[in-house]
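>>> Here is the input, now give the coordinates:
(chains A, B and C)
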Amino acid sequence: MEMFGRKLIKWYLKNQRKLPWRETKDPYRIWLSEIIMQQTRVSQGLEYYRKFVSNFPDVFSLTAAPETKVYKLWQGLGYYNRAQNLMQAARTIANEYQGQFPETKEELMKIKGIGPYTAAAIASIAFGKPDPVVDGNVFRVLSRVFGIDTPLDTAKGKKEFTSLAGRLMKGQSPGDFNQALMEFGAVWCKPRNPDCDHCIFFEECYARKNNIVSQLPVKKPKTRIKDRFFYYMVAQTKNGVILMKKRGPDDIWKNLYDFPVIVTNERTKPLENLIALFEKISFNDMIYTIKHISNEYIHLLTHQRIHAVFIRLIVENFPENTPENDLLLINKNDIEKYPVPRLVEQYLQDQKLIKH
DNA sequence: AAAACGTGGTG
DNA sequence: TCACCAAGTTT
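Numbers count the residues shown, from 1 in each chain, chains lettered A, B, ... in the order given. Below you'll find the model as predicted:
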C-alpha cells in the first residue's frame, strides 16, 4: 500500500508532462482546467485553457463576460452545457462566496458543473484536502494493478475504487498523488497496448501477472438494444392439437416452449411469404388456412426488443407419428402445462387459448 | 438509474 | 472501417 504511492509519485515527479495548470495553485485556474478537460484529451483542451485564462484571468472577469463571447471561446470543445455551467458557477462563486472558492469537496459539489470528480480535484490540488479523485484513468490503473473487476460504471464500483484510492493516498501529498495517478493512467497505463514490460508496477500488477491487462477495467455492457423480429407459426388442427417447440440452449428463453418461428433482423413483408419457410421448420406440404394474423407484440428484454407476430393456421392434419427435433404435438387443453415466455403467455391469453 | 451530451484520436 | 475512448455531470 505504502509503496504504491511512493513509487507512483516518484514516477510522476520525473515523468509528468508540463501543463500550464500544474504551475498554479489558484483554485480558479484549477477549476477552469478541470471543467475544460472533462471527457477531453489534453491535446484538444490545452489551447482552450490558454484562451480562457488569458481572456478571463479570474472569476470576476468571467462573470463580467458576455455570454456570446464565452460560447465563442468554447466553440469546438463540445459538451456545451459546460460553458453554461461555467458561467453560472462563476456567478455563484462571485456572489455567494465573495470570489473565494470553497475548500471542501462537499461545498464545492454544490456548484453547478462540479461533480464528485471535479470537487475532489479542486479540494486536493488547490487546498491539499485528502479527497481521492476517481476518473477514467484511476479506474484503469487501479483495476489492473489490484485486479478489481467490479464494473466501474456502477455505484458499487465507484465506491470501491474511491475507497481504495483513499487508502493508497495516505501518507502522500493529496494533490500530487491524485495527479500522479491520473497522469500515470494517461501516459503509461493506457487503455490499449500499455508497455507493461517496463512498467514500475511490473512485479505486483495483478493484471500483468495474470495476463488480463486488456480485459480491465470492466464496464457494464452497453445497453444497446437490438431489434429482432419473430414470426411465429401457431398451427392447430380442427380437433385442437397444437404444434409447439422447445427452445434450444443458444438463445433467449432457454428450455422454454414456444412455436416454430422465423427470426429476422428486420421487418418482413408480406407475411404470407413466411409460410413457405414455416414448412421447412415443421412439416412439408401442410394443408392449411390462415385463421388469424396477430398485431405486432413488442417484448422488451435487457438487450433486445422483440417484435413478434403470431400467424395462426388451421391445418388439416398433422402426421400420426410424433415429430422430431424438439417439436411436439399437444392438446390445446394441456398447453398450460408447458412453461412459455411471457410474450407467448400474453398471446395465448389474448387468443383465449389459456385462461387468466 | 439510464440516457444525453460533442468532438477528435486511435488501433 | 468503426467501436472505443477521453481530467464527468446533469436530468
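
>>> Quick check: residues of chain A near DNA strand C?
Neighbours of DNA strand C within chain A, by Cβ under 7 Å from any atom of the strand: A:19, A:21-22, A:33-34, A:37-42, A:79, A:81, A:85, A:112-119, A:135-137, A:140, A:179, A:182-183, A:185-186, A:191, A:219, A:222. C-beta coordinates here come from the backbone N, C-alpha and C atoms, glycine included.

>>> Drop anything exposed from these.
Buried residues within the residues of chain A next to DNA strand C, defined by neighbour count using 16 or more other Cβ atoms under 10 Å: A:21, A:33-34, A:37-38, A:40, A:85, A:113-114, A:116-119, A:135, A:137, A:140, A:179, A:182-183, A:185-186.

>>> Return the subset of those lying in helices.
A:33-34, A:37, A:85, A:116-119, A:137, A:140, A:179, A:182-183, A:185-186 (DSSP state H).

>>> out of these, who's nearest DNA strand B?
DNA strand B has its nearest neighbour among those in A:Met37, at 9.5 Å by Cβ to the nearest atom of the strand.

>>> Isn't A:Arg228 up against A:Ala308?
No. Between A:Arg228 and A:Ala308 there is no contact, the gap being 9.1 Å when judged by Cβ atoms under 8 Å.

>>> any shared contact partners between those two?
The contact sets of A:Arg228 and A:Ala308 do not overlap (Cβ atoms under 8 Å, 6 or more residues apart in numbering).

>>> Tell me which of those two has more neighbours.
Ranked by neighbour count (other Cβ atoms under 10 Å), A:Arg228 and A:Ala308 place A:Ala308 first, with 23 against 18.

>>> Surely that one is in contact with A:Val234?
No. At 11.2 Å, A:Ala308 does not count as touching A:Val234 under the criterion of Cβ under 8 Å.

>>> Identify the contacts common to those two.
By Cβ under 8 Å, 6+ apart, the residues touching both A:Ala308 and A:Val234 are A:Tyr347.

>>> downstream neighbour of the helix or strand bottoming out on mean pLDDT in chain A in the secondary structure list?
Least confident helix or strand of chain A, by mean pLDDT, DSSP states H and E, is helix A:274-281 with a mean of 70. Moving toward the C-terminus from helix A:274-281, the next helix or strand (DSSP states H and E) is strand A:288-293.

>>> Give the pairing partners of that next one; include direction for each.
As defined by DSSP bridges, the strand partners of strand A:288-293 come to strand A:304-315 (antiparallel).

>>> tell me the average confidence for the helix or strand that comes right after the strand it pairs with?
Counting by DSSP H and E, the next helix or strand C-terminal to strand A:304-315 is strand A:327-331. What strand A:327-331 shows for mean pLDDT is 87.

>>> Please apply the same query to stretch A:97-105.
96.

>>> Outside of it itself, list whatever touches it.
A:27-28, A:31, A:58-60, A:93, A:108, A:110-111, A:116, A:119-120, A:122-123, A:126-127, A:129, A:131.

>>> let's see 6 Å
Residues external to stretch A:97-105 that are found in contact with it (Cβ atoms under 6 Å, 6 or more residues apart in numbering): A:27, A:59, A:108, A:119-120, A:123, A:127, A:131.

>>> now swap in stretch A:37-45 and tell me
By Cβ under 6 Å, 6+ apart, stretch A:37-45 touches A:Ile36.

>>> what residues are up against A:Thr24?
A:Thr24 neighbours (Cβ under 6 Å, 6+ apart): none.

>>> where's it relative to DNA strand B, distance?
24 Å (Cβ to the nearest atom of the strand, to the nearest Å).

>>> what are the ranges of the helices in chain A?
Going by DSSP H, chain A shows helices at A:2-15, A:27-37, A:42-55, A:59-64, A:67-74, A:81-96, A:105-108, A:116-127, A:136-146, A:155-169, A:174-187, A:206-209, A:274-281, A:342-350.

>>> Does A:Arg305 touch A:Asp227 like I think?
Yes. Between A:Arg305 and A:Asp227 a contact is recorded at 5.0 Å, counting by Cβ atoms under 6 Å.
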